[in-house]
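1. I would like the atomic coordinates for the input below:
(chains A, B, C and D)
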Protein chains: 2
Amino acid sequence: MAKKSDLLPGTLDLLILKTLARGTLHGYGIALSIKRSSDDVLTVEEGSLYPALQRLLLAGWLKAEWKMSETNRRARFYTLTRTGRKQLGVEISEFEQMIAAIGRVLSAPEEA
Amino acid sequence: MAKKSDLLPGTLDLLILKTLARGTLHGYGIALSIKRSSDDVLTVEEGSLYPALQRLLLAGWLKAEWKMSETNRRARFYTLTRTGRKQLGVEISEFEQMIAAIGRVLSAPEEA
DNA sequence: GGCTATATATAGATTATCTATGGATAGAAA
DNA sequence: TTTCTATCCATAGATAATCTATATATAGCC
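-> Residues are numbered from 1 along each chain as shown, chains lettered A, B, ... in the order given. Below is the predicted model:
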């Protein structure tokens, strides 16, 4: 059972945006949530997650605030902005278009 | 209509292997076939295609032979090997697993 | 006091894709 | 005959995204 990668490249932003669309979370919580809701198939490494969060903050799709976590530790909580929610819609439709296109290739008939 | 990329990263090998599973083709023909069977959604640039073909040759998943093309030009025709066909199966199931996992994240309910 | 889980973050390597370029030829059009 | 378009191969260099490895810190349990 070769395990090629933890994620399908190009889908991390989508996963983070969608996860935050369900509510504010800190970074560690985002990673856990993605892992759990994917039944342990998708694992977001810290070295992927935190740079991605910086990207999304810089793009204005998230805002961040330092607070105390459920377990009483300092943690940075991320919330989707209005433009972030809009971006989520864009990314979902782009992703679905890609998947549909790949599906067509995978099931394409013989050519003339 | 923002167009982010020509391909979903990490899926090119799969697309090439699948395309060649339907018969021997030269590089240019592979690119055309993927473009056409995806209804112009997926475009494989030469700078992605030829390095990928080298990768797949080196891995032993393809073999190559110089011949004359349908249009009477020198062209390098690629054929799937036995191990290449096996690899195609692996890549399809990995891809489907990833897509299913992403689907679960995209439709996940609220957490407790 | 030591262990584990929680929590953030960066540096550096790796890999994949894209942009840009270069070369060559067949055949059609002008 | 020259020019244009489509066909065909290939590489160099830039860019982007992810992964590996590491560092730091603390709460709470044993």
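
2. so, low pLDDT: which residues of chain A?
-> A:1-4, A:110-112 (pLDDT under 70).

3. contact residues of it facing DNA strand C?
-> A:9, A:26-29, A:46-47, A:50-51, A:53-54, A:69-71, A:73-77 (Cβ under 7 Å from any atom of the strand). C-beta coordinates here come from the backbone N, C-alpha and C atoms, glycine included.

4. from B:Val44, how far off is the most centrally placed residue in chain A?
-> The centroid of chain A falls nearest to A:Leu15 when counting by Cα atoms, centre = their mean (1.9 Å). According to Cβ to Cβ, to the nearest Å, A:Leu15 stands 25 Å off from B:Val44.

5. re the thing from before, only whichever of the residues of chain A next to DNA strand C are buried, select them in PyMOL.
-> This is the PyMOL syntax for the buried subset of the residues of chain A next to DNA strand C, where burial follows 16 or more other Cβ atoms under 10 Å in any protein chain shown:
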select buried, chain A and resi 26+27+29+53+75+77
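
6. from the residues of chain A next to DNA strand C, which land in strands?
-> A:His26, A:Arg74, A:Ala75, A:Arg76, A:Phe77 (DSSP state E).

7. beta partners of the fourth one?
-> It stands for A:Arg76. A:Trp66 (DSSP bridges).

8. list the buried residues of the strand or helix carrying A:Thr83.
-> Using DSSP states H and E, A:Thr83 maps to helix A:82-106. Using 16+ other Cβ under 10 Å as the test for burial, helix A:82-106 gives A:84, A:87-88, A:91, A:94-95, A:98-99, A:101-102, A:104-106.

9. which of the ones in strands among the residues of chain A next to DNA strand C sit farthest apart?
-> Largest separation among these by Cβ to Cβ: A:Arg74 and A:Phe77, giving 10.6 Å.

10. touching both of those two, which residues are there?
-> A:Trp66, A:Lys67 (Cβ atoms under 8 Å, 6 or more residues apart in numbering or on different chains).

11. give me the distance between the residue nearest to the centre of chain A and DNA strand D.
-> 8 Å (Cβ to the nearest atom of the strand, to the nearest Å).

12. looking at it, that residue is touching B:Val105, isn't it?
-> Yes: if you go by Cβ atoms under 8 Å, A:Leu15 and B:Val105 touch, sitting 5.6 Å apart.

13. which parts of chain A sit against DNA strand D?
-> A:5-7, A:9-13, A:44-48, A:51-52, A:55, A:71-73.

14. 10 Å - rerun?
-> A:3-16, A:28, A:42-52, A:54-55, A:68-74 (Cβ under 10 Å from any atom of the strand).

15. circling back to that earlier point, ok, so of the buried residues of helix A:82-106, who is nearest B:Leu20?
-> In terms of Cβ to Cβ, no member of these lies closer to B:Leu20 than A:Val105, at 11.8 Å.
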